[in-house]
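>>> I'll drop the sequence and a predicted model, then ask my questions.
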Amino acid sequence: MPLRWGRGENPYRENYFGILQVGSHASPLLITSRRRDLQRKIGAGGEHRVAGRTITEAELAEAESRLLDPARRAAEALLVHARPATHTGRLPELCAAVEEAATVEESSRPLQLTNLAALAPLVPPPHPADLPRPSWADLPVPAPDSPEDTRADVLFDL
């Protein structure tokens, strides 16, 4: 949305996200449904105001088309400034709620996994130096200097 600079006016206050009253992470389905809802409201005789200005159906359609186009949506998202977080005194309460929700309850029975291979991406591979090397006697192949190895060799008569 083109910025309108004026004395005492915030040029970022009125944008396409604000017109449709959706956040910058809104899905295309939400954008379309929000435009339809606001269009029905205006069509039924109501009004939709943003930053003290009445929004028309044409502006709703323009906001939807701009936000559905990925390049224009990215440009519009750069203009949207998130409101700064303010301290409302609820931070300790919210932190306590998060900590309570994040604690794992004690269980009387151990966790039983049916598919241990699912843990493979979570476990780091062992270092090669930690793996023991088997001796030739432990391997099911003949050693290089054994008589069994000479039987497998190809001999040429010259």
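Okay, I see it. Just so we're clear, the structure is a prediction, and the values are computed from it rather than from any experiment.

>>> switch to C-alpha atoms for all contacts and neighbour counts from now on
Fine.

>>> residue ranges with poor pLDDT in this protein?
For the chain, applying pLDDT under 70 flags the ranges 1-5, 8-13, 81-88, 152-158.

>>> in it, which spans are helices?
16-20, 28-43, 57-68, 70-79, 91-102, 147-152 (DSSP state H).

>>> Next, the angle from the fourth one to helix 57-68.
Orientation note: helix 70-79 sits at an angle of 100 degrees relative to helix 57-68 (axes from the mean of the first three to the mean of the last three CA atoms, to 10 degrees).

>>> and the gap between residue 122 and residue 69?
39 Å (CA to CA, to the nearest Å).

>>> one step back: do you know which of the helices of the chain lies nearest residue 50?
helix 16-20 (6.3 Å; CA to CA).

>>> Quick one: closest of the helices of the chain to residue 49.
helix 16-20 (8.2 Å).

>>> what's the burial count for residue 113?
Residue 113: 9 surrounding residues under other CA atoms under 10 Å.

>>> For it, give me the backbone phi and psi.
Reported as degrees, to the nearest 10, the phi and psi values for residue 113 are phi -90, psi 130.

>>> repeat for residue 27
The phi/psi pair for residue 27 (degrees, to the nearest 10) is phi -80, psi 160.

>>> sorry, back to before: same drill for residue 122 and residue 69, tell me which one is more crowded.
Comparing residue 122 with residue 69 by other CA under 10 Å, the one with more neighbours is residue 69, at 11 against 8.

>>> From residue 63, how far out is that one?
Applying CA to CA to residue 69 and residue 63 gives a distance of 10 Å.

>>> repeat for residue 51
Distance from residue 51 to residue 63, by CA to CA: 15 Å.

>>> Please apply the same query to residue 112.
For residue 112, the distance to residue 63 - CA to CA - is 52 Å.

>>> So those two - more neighbours on which side?
residue 63 (22 against 7).

>>> Now for that one: which residues touch it?
Neighbouring residues of residue 63 by CA atoms under 8 Å, 6 or more residues apart in numbering: 16, 17, 19, 20.

>>> If we use 10 Å, what do you get?
Shown in contact with residue 63 (CA atoms under 10 Å, 6 or more residues apart in numbering): 1, 15, 16, 17, 18, 19, 20, 31, 32, 35, 57, 73.

>>> gap between the two ends of stretch 99-107?
Stretch 99-107 end-to-end distance (CA to CA) = 18 Å.

>>> List of residues touching it?
Contacts of stretch 99-107 (CA under 10 Å, 6+ apart): 94, 95, 96.
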